[in-house]
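Enquirer: have a look at this prediction, sequence included:
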2 protein chains.
Amino acid sequence: MTVSKTAEKSSEKPAETAKGRKDAADGPGEALQLGELSEQLGYVLKRAQLKVFENFLRCMASLQLTPAQFSVLLLVEKNPGRNQTEIASTLGILRPNFVAMLDNLESRDLCARIRSTNDRRSHILVLTDKGKAVLARAKKLVATKHEARLNEVLGPSNRAALLGMLSKIANEF
Amino acid sequence: MTVSKTAEKSSEKPAETAKGRKDAADGPGEALQLGELSEQLGYVLKRAQLKVFENFLRCMASLQLTPAQFSVLLLVEKNPGRNQTEIASTLGILRPNFVAMLDNLESRDLCARIRSTNDRRSHILVLTDKGKAVLARAKKLVATKHEARLNEVLGPSNRAALLGMLSKIANEF
DNA sequence: GATAATTGTTATGGACCATATCAAATATCG
DNA sequence: CGATATTTGATATGGTCCATAACAATTATC
């Protein structure tokens, strides 16, 4: 340890630079300097992701759907007749963790596991009628509330550009 | 439940549309259709964030720094003399969860808690000499390996545009 | 000087993620 | 065919991250 414990004046350097905040007698709080942090793409990316998910949850409050659940319903709808392993793996969900997720969706009668006759090990996933209806409503909520808010902040063309760059990162990285 | 259990032919609709995959006799796996999922900004955003963090961890393997730890070191460096509550809250970390993080960094002699003489409740955070040295090396690794890879994939101008849009989302959402 | 608020801390529970393991069913191959 | 390996869904378990309540020490407030 090279730091003198119980130092406060820490005269060392006037590193407090501009606007030099005085040691004691702070104002109402004095916001911290983000510094290079606001240039770290990973940091901003994470922050943005949290905000987007948070907004998604608010928009979906009436349907009680998380982003992960919504993605499962979307994928099952577009790929009927697939089993748990296939759906889970393309979503990056590990099979063991997918079980509880499906238990939840199935208990709410949004999707169903059907024992395949071709391969009696696997469970074919299908949306129930209620699941299809809920998903349809979810899509509308996403479009009219969630994505609409994003368009407000970014503008449609920027939104498309953003999606393109994120896809590049997600795929070619 | 409106779904007939133990159905497989599921003739219902030939929803398998194009390229109609036959019921049994699958090829090597037949990739699933992402469908609207690839248009969901939240989904792609999360995917990209995971990839970026994963790459960050690889680049930092020699220094054993996580993104969160790196952000703490950066923030403490730019804001010396702040206490735990201030550092934690501007990073979106809850005070209770920040304790273990600091225990870790302090046990590795990267930063130190100093009891303030102004307010003997609070702990002033400072980087140790080793902490400054490690952070300097970390910055170089981030620049030469991590951000360099991002520039390869996106190009410098796109990277700047991406950062700008993500900041907008992170702040004005 | 009594009461309220703040700081760091502990304890605790939930959500998410990862690994090992298992029984049932299927595939593989001698 | 039959022994062995593989696959599928499932359970158990542990780790990490995130959130809340509560506490002692200290400080602020009135």
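Expert: Sure thing, it's come through.

Enquirer: can you get me a residue count around A:Ala161?
Expert: Using other Cβ atoms under 10 Å in any protein chain shown, the number of residues around A:Ala161 comes to 16. In this view, the C-beta of every residue, glycine as well, is placed from N, C-alpha and C.

Enquirer: leaving aside the residues next to it on the chain, what's closest to it?
Expert: The shortest distance from A:Ala161 to any non-neighbouring residue, by Cβ to Cβ, 6 or more residues apart in numbering or on different chains, is to B:Ala161 (6.9 Å).

Enquirer: quick check: which element contains the one you found?
Expert: Secondary structure assignment for B:Ala161, by DSSP states H and E: helix B:156-171.

Enquirer: and that helix, which residues are buried?
Expert: Neighbour counts over helix B:156-171 (16 or more other Cβ atoms under 10 Å in any protein chain shown) mark B:158-159, B:161-163, B:165-166, B:168-170 as buried.

Enquirer: now stretch A:99-117
Expert: Buried, per 16+ other Cβ under 10 Å, within stretch A:99-117: A:101-102, A:105-106, A:110-114, A:116.

Enquirer: now, those residues that are in helices?
Expert: A:101-102, A:105-106 (DSSP state H).

Enquirer: which of these lies closest to DNA strand D?
Expert: A:Leu102 (5.8 Å; Cβ to the nearest atom of the strand).

Enquirer: what's near enough to touch that closest one?
Expert: Residues near A:Leu102 by Cβ atoms under 8 Å, 6 or more residues apart in numbering or on different chains: A:72, A:84, A:111, A:113, A:125.

Enquirer: just give the number of residues close to the closest residue to A:Lys145 other than its chain neighbours.
Expert: Leaving out its chain neighbours, the residue that sits closest to A:Lys145 by Cβ to Cβ, 6+ apart is A:Cys59, at 4.1 Å. A:Cys59: 20 surrounding residues under other Cβ under 10 Å.

Enquirer: tell me which two in the contacts of A:Leu102 are the farthest apart.
Expert: Within the contacts of A:Leu102, two members stand farthest from each other by Cβ to Cβ: A:Val72 and A:Arg113, at 12.5 Å.
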